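Asks: dropping a prediction and its sequence here:
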Amino acid sequence: MRLPDPPPNWKELVGDISAKKLRELLVSATPTVRGKYLHWDELRHRTPPEGLSLEEWWLGIKLGRMTGKRKTPLLSVEGEPFYYLWVDPIPERVHEIDLGAGGQISMPEQLTNPDTRNRYLVSSLFEEAITSSQLEGAATTRRVAKEMLRTGRAPRNRSEQMILNNYLAMRRIAELKAEPLTRDLVMAIHRLVTKNALDEPDAAGRFRRPDEAIHVVERQGQEVHVPPPAGELEERMARMCAFANEEASQPFLHPALRAIILHFWLAYDHPFVDGNGRTARALFYWSMLHSGFWLFEFLPISRLIRRAPAQYSRAFLYTETDENDLTYFILYHLKVIRRAVADLNKYLQVKTKQVRVVDQLLRAGVGLNHRQRALLSHAIRHSDARYSFRSHQISHQVTYQTARNDLFDLQERGLLIRTKVGRTYYFRPVAGLEEKLRNLS
């Protein structure tokens, strides 16, 4: 990815224009351009208003951003505070999160019904674990990764180990959402996401040392970030945890913004030799769940980040290259959240339709439970699928015996065929499964 052009120094620009021009800029100064919060790297490709140069236009925008700055406890390497602006569409986006992610308002029945909730939760955890790892270089396909997670088999390589680690970490975060963030908790999360996946195993769950110089580089080898010195990490971690646990900040900080800034904070400090990105995204989830936004258990944010990783990197770089302005990263993250919610709604609509087809086929009262119907719905669309007691158990979060009973029952009904590989039974759909279901119904 090409590094963004650094903005002109607005303070120097002030000294280069006339007092009259400066007064005019102050009168017309706004932080956005037609509702968009632009970085200089974007603005320089646009045509400025009549009578202004690009640099003067940028100065007017920066003057418009001078008022309303909200500082955060996060400090740059140079000791300057990061800040953000409460500009549109941030108020609207956080309002949407308040309405749709924290309560029961208009929540899809599939996510509130305990019979189906676990299936959607497991699917989301799989997706987040896979794509978060792929962002950090895990080289495997979604199909193979899901097969590993669903069947419970051991990882075959480091990429699969990263994915399993992320999955277990996400499940653990959901269990720890009521706990305050502490240094020990951050270390525990880092150990989970890096277990057996580091060149130096002893680097899991500890800060990088002064002799471990860390420079963040893009795939092309460009250096994009030099994190704070190792000697500052203890103090910076203490400050980060205090920020994460603060309930009543002044001025008020919306919990979603706190979670987004926490994501940026850990990535900026880069306290570990490896696994910083995965840990940062895990802390975002912890913070959202800690604040009561339970829908985020079902939102695989990393899947959307991976679709356009350059935008993710650019959101970090825009913040760092423009005087620690977190507004860029906040706006980017809120856009990703909004798309994730929209994707979840589409996904649930498709799933509801698929389940409805199976339910219609079985409406004569064949007596299958919701887990069996879900498996058959999947099997109709994936004739080459293979199921085991363990995969069924993981998918629906039930006991081994319940999973065993479900699959043997489907075999006895002539809907699945059983084979044995080693000591493990596998079940696959019979040929013409949909027609068999029609006959049964």
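Replies: That came through, no problem.
Asks: residue boundaries of the helices in the stretch 1-150 of the chain?
Replies: Under the criterion DSSP state H, counting those that start in this stretch, the stretch 1-150 of the chain contains helices at 10-16, 19-28, 40-43, 54-66, 90-101, 109-112, 114-135, 142-151.
Asks: distance between the first one and the chain's centre?
Replies: Centre-to-centre, helix 10-16 and its host chain are 39 Å apart (CA atoms, centre = their mean, to the nearest Å).
Asks: give me the helices and strands touching it, please.
Replies: helix 54-66 (3 or more CB pairs under 8 Å, 6 or more residues apart in numbering; DSSP states H and E). C-beta: built from backbone N, CA, C; applies to glycine.
Asks: now the angle between helix 90-101 and the longest helix along the chain, please.
Replies: Of all the segments of type helix in the chain, defined by DSSP state H, the longest one is helix 327-361. With axes from the mean of the first three to the mean of the last three CA atoms, to 10 degrees applied, the angle from helix 327-361 to helix 90-101 works out at 30 degrees.
Asks: picking that back up, among the helices of the stretch 1-150 of the chain, show the one with the smallest mean pLDDT.
Replies: With a mean of 61, helix 109-112 has the lowest mean pLDDT of the helices of the stretch 1-150 of the chain.
Asks: residue contacts, the closest residue to Pro210 other than its chain neighbours?
Replies: Closest residue to Pro210 apart from its sequence neighbours, by CB to CB, 6 or more residues apart in numbering: Ala230 at 4.5 Å. Applying CB atoms under 8 Å, 6 or more residues apart in numbering, we find Ala230 in contact with Phe207, Arg208, Arg209, Pro210, Glu212.
Asks: make TSV out of these and add secondary structure and pLDDT.
Replies: Below are the contacts of Ala230 laid out as TSV (DSSP: H, G, I helix; E, B strand; the rest coil; pLDDT from 0 to 100):
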residue	secondary structure	pLDDT
Phe207	coil	96
Arg208	coil	95
Arg209	coil	95
Pro210	coil	93
Glu212	coil	89
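Asks: ranking these by neighbours, who comes first?
Replies: Phe207 (21 neighbours; other CB atoms under 10 Å).
Asks: now the angle between helix 114-135 and the helix or strand in which Asn165 is found, please.
Replies: Per DSSP states H and E, Asn165 falls inside helix 158-175. Put simply, helix 158-175 runs at 130 degrees to helix 114-135, going by the same axes, to 10 degrees.
Asks: what sits up against helix 158-175?
Replies: 125-126, 128-130, 132-133, 136-140, 144-145, 148-149, 155, 188-189, 192-197, 278, 282, 285-286, 289, 297.
Asks: I'd like the helices of the stretch 1-150 of the chain as JSON lines, with mean neighbour count appended.
Replies: What follows is the helices of the stretch 1-150 of the chain, written out as JSON lines (neighbours: other CB atoms under 10 Å):
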{"stretch": "helix 10-16", "mean neighbour count": "13"}
{"stretch": "helix 19-28", "mean neighbour count": "13"}
{"stretch": "helix 40-43", "mean neighbour count": "18"}
{"stretch": "helix 54-66", "mean neighbour count": "21"}
{"stretch": "helix 90-101", "mean neighbour count": "16"}
{"stretch": "helix 109-112", "mean neighbour count": "14"}
{"stretch": "helix 114-135", "mean neighbour count": "21"}
{"stretch": "helix 142-151", "mean neighbour count": "18"}
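Asks: same list (those) but as TSV, adding distance to Ala340.
Replies: Listed next are the helices of the stretch 1-150 of the chain as TSV, based on distance: least, CB to CB, whole Å:
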stretch	distance to Ala340
helix 10-16	35
helix 19-28	37
helix 40-43	24
helix 54-66	28
helix 90-101	10
helix 109-112	14
helix 114-135	10
helix 142-151	17
